[in-house]
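> Sequence first, then the predicted structure:
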Amino acid sequence: MPETDTDYEIVIIGAGPAGMTAGIYAARARMKVLLLEKAAPGGQVIITDWVENYPGFPEGISGYDLAEKMLTQAKTLGLEIESEEVSSMTLTPKVKTLQLGERTITTKSLIIASGASPRKLNVGEEKFMGKGVSFCATCDAPFFKEKTVVAVGGGDTAIQEAIYLTKFVNKVYLVHRRDELRATKILQERAFKNKKIEFVWDSVVTGMDGFFGVENVHVKNVKTQESRTIKADGCFVWIGITPNTGFLDKSIELDQWGFIVADQYMATSVPGVFAAGDVRNTPLRQIATAVGDAAIASVSAEHFIENIG
């Protein structure tokens, strides 16, 4: 095979909003493109209860419905999508080789939109996964109807999901390590007005226990060092994200937190490899910024291919 004779012109890894947007742009440009997703298309968006800051939906839209609309649009344009996981890759300026199980594919350009996963507390919560510990209120809140739960975090996701929890539970203890929230003001206002939410400021979760599932969540105040135990049936965690970059070639530069370093063209340290969405180093991780990244990445990949001949 000649060095530049590849299976695809563009391969996209990840089918969240960034990946699907990159696919839509590449498909419309009549590129030979493949979108790879190891799980269900949609990424973190499909577990988001309600999205009300994405333009075009004045009443808001559920994360699942938004992802479905993006997927339908991509398929309508003829985007090829496969359910596959990339286990490793070899990258050269002209040819990128991806290992998919027992199959190998090649591409001229690669867009990495593999997103990120919820960060864990690392206080022994693993034994309670599926038994009270959750990262998704939309998925699991109905299991805690008329019960008491702890929610951890202070950003947009934590507050949005904590408010959603109050539709089902009797009480939410919202544990946050600071004395003020990082969430947008409109979400803060809604949370402060919600009588089912009790804030536990300046505190972190130090552990949890229970026989069949979570029964107690242990909390420590980081200023006074005082500890307390909250009787709760569940613990929902939203304390940030970790980039999904474990499969990457080591030649791709990462920042100190493990996110892919990309410039204004979404170009990484490897020629022909671009990054978009939550997996890259960006000051704001939102659906709107992810799709913007992806549009730039797709056009940049197209220009790269034109220039390498």
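Perfect, I can see it now.
> dump the residue contacts of the residue lying closest to residue 125 once chain neighbours are set aside.
Spatial nearest neighbour of residue 125, excluding adjacent residues (C-beta to C-beta, 6 or more residues apart in numbering): residue 133 at 4.7 Å. Where C-beta positions appear, they are placed from N, C-alpha and C, glycine not excepted. Applying C-beta atoms under 8 Å, 6 or more residues apart in numbering, one finds that residue 133 lies in contact with 125, 208, 214, 234, 235, 236, 237.
> And residue 133, how far from residue 165?
14 Å (C-beta to C-beta, to the nearest Å).
> any common contacting residues for these two?
Shared contacts of residue 133 and residue 165 (C-beta under 8 Å, 6+ apart): residue 236.
> quick one: the longest strand along the chain to chain centroid distance?
Longest among the strand segments of the chain by residue count, using DSSP state E, is strand 103-112. Remark: strand 103-112 is offset 22 Å from the chain centroid, using C-alpha atoms, centre = their mean, to the nearest Å.
> Which positions in that strand come out as buried?
Buried residues in strand 103-112, defined by neighbour count with 16 or more other C-beta atoms under 10 Å: 105, 106, 107, 108, 109, 110, 111, 112.
> in the very next helix or strand once past it, what's buried?
Following strand 103-112 in sequence order, the next helix or strand is strand 116-118 (DSSP states H and E). Going by neighbour count (16+ other C-beta under 10 Å), the buried part of strand 116-118 is 116, 118.
> List the neighbouring strands of strand 116-118 plus their orientation.
Strand pairing for strand 116-118, using DSSP bridges, gives strand 241-243 (antiparallel).
> Now stretch 65-75: buried residues?
66, 67, 68, 70, 71, 74, 75.
> biggest helix in this protein by residues?
What stands out as the longest helix in the chain, according to DSSP state H, is helix 287-308.
> Who are the packing partners of that one?
Helices and strands touching helix 287-308, by 3 or more C-beta pairs under 8 Å, 6 or more residues apart in numbering; DSSP states H and E, are strand 8-13, helix 17-28, strand 103-112, strand 273-275.
> can you do 7 Å?
Other helices and strands packing on helix 287-308, by 3 or more C-beta pairs under 7 Å, 6 or more residues apart in numbering; DSSP states H and E, are helix 17-28, strand 103-112, strand 273-275.
> Among the contacts of residue 133, which are located in helices?
Among those, no member lies in helices (by DSSP H).
> domains of the chain?
Listed by the TED database, the domain ranges of the chain are 8-117+241-307, 120-237.
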